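Undergrad: show me the folded form of this:
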Amino acid sequence: MITAYPKITILVLLAIIAIVFWLLKGKKMVAAKREPIAPIKGFYLLASGEYDKALEELRAAALSGSGTPEVYLSMAVIYRKKNELNKAIHINEGLLLRKDLPANIIITILHELIIDYRAANDVGKAEECLARISDIVSDNSTLLLQAEIASEKGEHTAAIKYYSKYERAADNDPCNKEISYEYMRMAELETEPSRKHKALKEAIKAYPANRLAQFAKAKLYFDEGKIREGRELIESIIKSGIIKTADDVRMIEDSYYKYSTLEELVSVMSEQVAADSESPAPYLFLSKIYKKRGEERKAVEMLQDYLLLHRPKAVITRAYAHIANDQVVLRVARLDNNYSCTACDTKYMEYQETCSHCGELDTLDYA
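TA: Residues are numbered from 1 along each chain as shown. As a prediction, the model looks like this:
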């Protein structure tokens, strides 16, 4: 019996080994049969703005063998949106190391890296990527990127040249706003009045609705003692309906307080209301004046007229609710945003020159 124990032990060990081998073999077979995870759900979640869930799905897809360039590019986009630029750059740089990538994918990766580097304020590396794109293909998009990078470097003359070249090459895609703002930035850097006037003139010529350039030129007139020219330009701004912010109204008020009279400004604004102006600015200004004078009923009626005759604007609704002391309307109006991007419909409470969602310039208007 004693001699039997070693034999039994060996048999048991062999049996255990056989079972373990069988189990391992079974797991390998299951793993071999497992289908790669499709990244479609991850793409959908990314489009829906659910970045953490999208990242989880895309990671799982990559680990399962579905790690296409599109999957990694999407992961990099998510990291950029989460402001984790180093991770986005790392993924995109890693993608470029892959062999046998088609030219269109390489160009896409380089475009993404340009966005990443610019967001990280590394203009030098962005330019290197742009040079690589230009070696592969020469199209209109490279001109636009050259303009944007030149602008970021403060090379405004070069930026205008690239924007103008792009405008000539691309049908139905004007860059008049961008060119106007480049001239305005040139004017801001100028110390010599005649050159400043020239740059502002070009800015307004390229895009007459550039209200910042208009205000800058009016201020320059006032500083030079050219009161008549300054007042005429301010009046032109009011009539053009391009006033968009409380700061705009304050600049207009200041110019009339210093170089004219409040009554004259009231007269000009009243003309705009009589002309059924779409701009809320004259109505807001006059309602404030009437309220100060104790003519609250007149202020309420004027704001009511705007709300009845025009598409309601949040700023007008709020002003009406305040003066009329309508707490119900005020409670609802407080939830409304003041501005909306005409390009992508993103809502904002405060005005900004560039939409942070779509990147378009001067597209915010009263909501």
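Undergrad: could you point out which element follows the lowest-mean-pLDDT helix or strand in the chain?
TA: Lowest by mean pLDDT, DSSP states H and E among the helices and strands of the chain is helix 4-33, with a mean of 43. For helix 4-33, the following helix or strand on the C-terminal side (DSSP states H and E) is helix 40-47.
Undergrad: what comes up buried for that following helix?
TA: 41-43, 45-46 (16 or more other C-beta atoms under 10 Å). C-beta coordinates here come from the backbone N, C-alpha and C atoms, glycine included.
Undergrad: now do stretch 316-326
TA: In stretch 316-326, counting by 16+ other C-beta under 10 Å, buried: 316-324.
Undergrad: find the nearest non-adjacent residue to I91, please.
TA: Nearest residue to I91, sequence neighbours excluded (C-beta to C-beta, 6 or more residues apart in numbering): A76, at 4.2 Å.
Undergrad: please apply the same query to A218.
TA: L233 (4.3 Å).
Undergrad: count of neighbours near the one you found?
TA: Close neighbours of L233, defined as other C-beta atoms under 10 Å, add up to 20.
Undergrad: ok, D52 next?
TA: Neighbourhood size, D52 [other C-beta under 10 Å]: 10.
Undergrad: circling back: hang on, isn't the residue nearest to A218 packed against K217?
TA: Yes. Assessed by C-beta atoms under 8 Å, L233 is found in contact with K217 at 6.2 Å.
Undergrad: distance of the closest residue in space to E202 that isn't next to it in sequence from K198?
TA: Leaving aside its chain neighbours, E202 sits nearest to Y183 (4.4 Å; criterion: C-beta to C-beta, 6+ apart). From Y183 over to K198 the distance is 9 Å, taken as C-beta to C-beta, to the nearest Å.
Undergrad: and those two? Which one has more around it.
TA: Y183 (25 against 15).
Undergrad: now do the helix or strand hosting that one: distance to the chain's middle.
TA: In this structure, Y183 sits in helix 176-189 according to DSSP H and E. Centre-to-centre, helix 176-189 and its host chain are 19 Å apart (C-alpha atoms, centre = their mean, to the nearest Å).
Undergrad: how about the helix or strand that it is followed by: buried residues?
TA: Once the chain leaves helix 176-189, the next helix or strand it forms, by DSSP H and E, is helix 193-206. For helix 193-206, the neighbour count (16+ other C-beta under 10 Å) marks 196-197, 199-200, 202-204, 206 as buried.
Undergrad: now distance to G94 and pLDDT too, for those residues, in TSV please.
TA: Listed next are the buried residues of helix 193-206 as TSV, based on distance: C-beta to C-beta, whole Å; pLDDT from 0 to 100:
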residue	distance to G94	pLDDT
K196	48	97
H197	51	96
A199	44	97
L200	47	97
E202	45	97
A203	43	97
I204	47	97
A206	42	96
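Undergrad: which single one of the residues you listed is nearest to Q272?
TA: I204 (20.6 Å; C-beta to C-beta).
Undergrad: hang on, the earlier thing: who's in contact with the residue nearest to A218?
TA: 214, 217-218, 221 (C-beta atoms under 8 Å, 6 or more residues apart in numbering).
Undergrad: and of these, the nearest to K291?
TA: Using C-beta to C-beta, the contacts of L233 come closest to K291 at A218, 27.4 Å.
Undergrad: the closest one against I234, yeah?
TA: Yes. Under the criterion of C-beta under 8 Å, A218 makes contact with I234 at 5.3 Å.
Undergrad: who touches both of those two?
TA: S255.
Undergrad: for burial, what's the neighbour tally of A169?
TA: 12.
Undergrad: quick check: closest non-adjacent residue to it.
TA: N140 (5.0 Å).
Undergrad: how about the strands in this protein?
TA: For the chain, strands defined by DSSP state E occupy the ranges 339-341, 347-348, 364-366.
Undergrad: what lines up beside the shortest one in the sheet?
TA: It stands for strand 347-348. strand 339-341 (antiparallel) (DSSP bridges).
Undergrad: contact partners of the partner strand?
TA: So strand 339-341 is contacted by 244, 346-351, 355, 357-358, 360, 363-367 (C-beta under 8 Å, 6+ apart).
Undergrad: just send the buried residues of stretch 316-326 back as a markdown table, with distance to L309 and pLDDT too.
TA: Listed next are those as a markdown table, based on distance: C-beta to C-beta, whole Å; pLDDT from 0 to 100:
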| residue | distance to L309 | pLDDT |
| --- | --- | --- |
| I316 | 11 | 92 |
| T317 | 14 | 91 |
| R318 | 18 | 90 |
| A319 | 16 | 91 |
| Y320 | 13 | 91 |
| A321 | 18 | 91 |
| H322 | 20 | 89 |
| I323 | 18 | 92 |
| A324 | 17 | 89 |
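Undergrad: list just the nearest of those residues to L303.
TA: Nearest to L303 among the buried residues of stretch 316-326, with distances taken as C-beta to C-beta, is Y320, at 4.1 Å.
Undergrad: residue contacts, the closest residue to that closest one other than its chain neighbours?
TA: With C-beta to C-beta, 6+ apart as the criterion, Y320 has its nearest non-adjacent residue at 4.1 Å, and that residue is L303. Contact analysis of L303 by C-beta under 8 Å, 6+ apart lists 283, 287, 316, 319-320, 323.
Undergrad: check what pLDDT L303 gets.
TA: If you check L303, the pLDDT there is 94.
Undergrad: repeat that for C358.
TA: So, for C358, pLDDT stands at 88.
Undergrad: gap between it and T245?
TA: 20 Å.
Undergrad: equivalent analysis for K177, please.
TA: For K177 relative to T245 (C-beta to C-beta), the value is 17 Å.
Undergrad: and for K219?
TA: Taking C-beta to C-beta, one finds K219 at 16 Å from T245.
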